[in-house]
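Undergrad: Sequence first, then the predicted structure:
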Amino acid sequence: MTSPGSPTDAVPPAAASPVGAGRYAPSPSGDLHLGNLRTAVVAWVLARDSGRAFRMRVDDLDTARARPGVAGRQLADLAAIGVDWDGDIMWESRRSEAYAAAVDRLDAAGLVYECYCSRREIQEAPRAPHSPPGSYPGTCRDLPESERAARREALGPGRVPALRLRAGVSELTIHDEVHGPYTGVVDDVVLRRGDGVWAYNLAVVVDDADQGVDQVVRGEDLLSSTPRQAYLAELLGLARPEYAHVPLAVNAAGERLAKRDGAVTLADLAAGGVTTRSVVARIVASLGGPAGADSIAALRGGVITPGSLRAGPWTVR
């Protein structure tokens with residue numbers, strides 16, 4: 001396992017495992033809370049139990065949101081609870097060339113166009129009945145070149161046109177190991193934002209392929225974006241991974257767990273005298289592990305299954 005720390009040199013894609021790989025990809029915008037750690041444990045167990053490698057990736061694409069030192073603490077916390085990984089850590093902030101190459105391939109097929117809309121314009125634009133809030137209504141899809149030139153010129157300093165996918169479908173059904181068949185919206189998803197940052201939906205598809213990931217285990221809040229990602233993978237000629245979206249950790253009110261709920265990170269809990277071993281025991285128990293077990297290895301051997309994850313969210317009290 002690579003030791004936790006900050007990136008030094010650019011890391012090439014990990015060699016694909018002959019039996020595939022699972023992964024975990026935290027975003028360094030804040031320390032991991034109990035729900036994040038639990039999802040990482042589920043991803044690790046399901047990968048190890050299936051004989052897959054386990055990859056680590058840091059989703060630091062948006063450098064404006066990435067806080068100094070957070071990635072190192074996240075990796076240290078994961079190692080402290082027993083999560084290890086194979087090969088080098090992938091840092092998304094160093095992968096611009098890979099994302100640009102993927103967009104070039106889509107553009108060569110006529111599947112990319114510039115978009116000049118602000119978030120407010122997208123929210124207020126008329127859209128087809130039953131379209132979910134925030135889905136892109138296609139405002140810039142078929143603009144004449146004269147209008148494109150004028151809109152491009154009108155962009156403010158430091159802005160570039162966003163790049164969007166010219167989607168050929170409006171929805172796609174994927175299979176999720178926990179939720180079963182799921183049909184979700186596929187719209188003209190952003191590939192590169194107006195501030196020049198590559199979009200998450202593009203990066204995750206390219207990175208999973210380059211890391212040999214064929215098992216994606218993550219929080220169920222990301223289920224709705226999965227059809228878009230599966231469609232992008234199809235257009236890029238990449239295999240669709242196996243998906244498992246894990247129910248979230250929630251507070252006593254049933255709301256998604258967050259820092260505002262108090263001592264929910266390893267550091268916060270340690271400050272109150274709670275040991276890492278007791279935190280691990282709590283996570284293991286929440287996933288149906290043996291009573292009193294304080295190692296995530298106790299979850300190996302089929303303890304965690306899609307059926308066991310269907311029990312619903314973990315209420316952290």
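TA: All right, it came through fine.
Undergrad: Quick check, pLDDT for Asp261.
TA: Per-residue confidence (pLDDT) for Asp261: 86.
Undergrad: Same check on Leu191?
TA: Leu191 carries a pLDDT value of 98.
Undergrad: Isn't it up against Tyr113?
TA: No: Leu191 is beyond contact range of Tyr113, at 9.9 Å (criterion: Cβ atoms under 8 Å). Heads up, the C-betas are built off the backbone N, CA and C, glycines and all.
Undergrad: These two - which one has more neighbours?
TA: Shown here are Leu191 and Tyr113; by other Cβ atoms under 10 Å, Leu191 has more neighbours (25 against 20).
Undergrad: picking up where we left off before, shared neighbours, Leu191 and Tyr113?
TA: Listed as contacting both Leu191 and Tyr113 by Cβ atoms under 8 Å, 6 or more residues apart in numbering are Leu163, Arg164.
Undergrad: If you average pLDDT per helix and strand, which one of this structure comes out bottom?
TA: helix 119-124 (a mean of 75; mean pLDDT, DSSP states H and E).
Undergrad: Report the buried residues of that helix.
TA: Ile122 (16 or more other Cβ atoms under 10 Å).
Undergrad: again with stretch 254-267
TA: Under the neighbour-count criterion of 16+ other Cβ under 10 Å, stretch 254-267 has Leu257, Asp261, Val264, Thr265, Leu266 buried.
Undergrad: which residue sits closest to the last one, ignoring its sequence neighbours?
TA: Spatial nearest neighbour of Leu266, excluding adjacent residues (Cβ to Cβ, 6 or more residues apart in numbering): Asp77 at 5.0 Å.
Undergrad: Next one: that neighbour from Arg148, what distance?
TA: Note on Asp77: its distance to Arg148, by Cβ to Cβ, to the nearest Å, is 47 Å.
Undergrad: Among these two, which residue is more densely surrounded?
TA: Using other Cβ under 10 Å as the criterion, Asp77 and Arg148 rank with Asp77 on top: 23 against 16.
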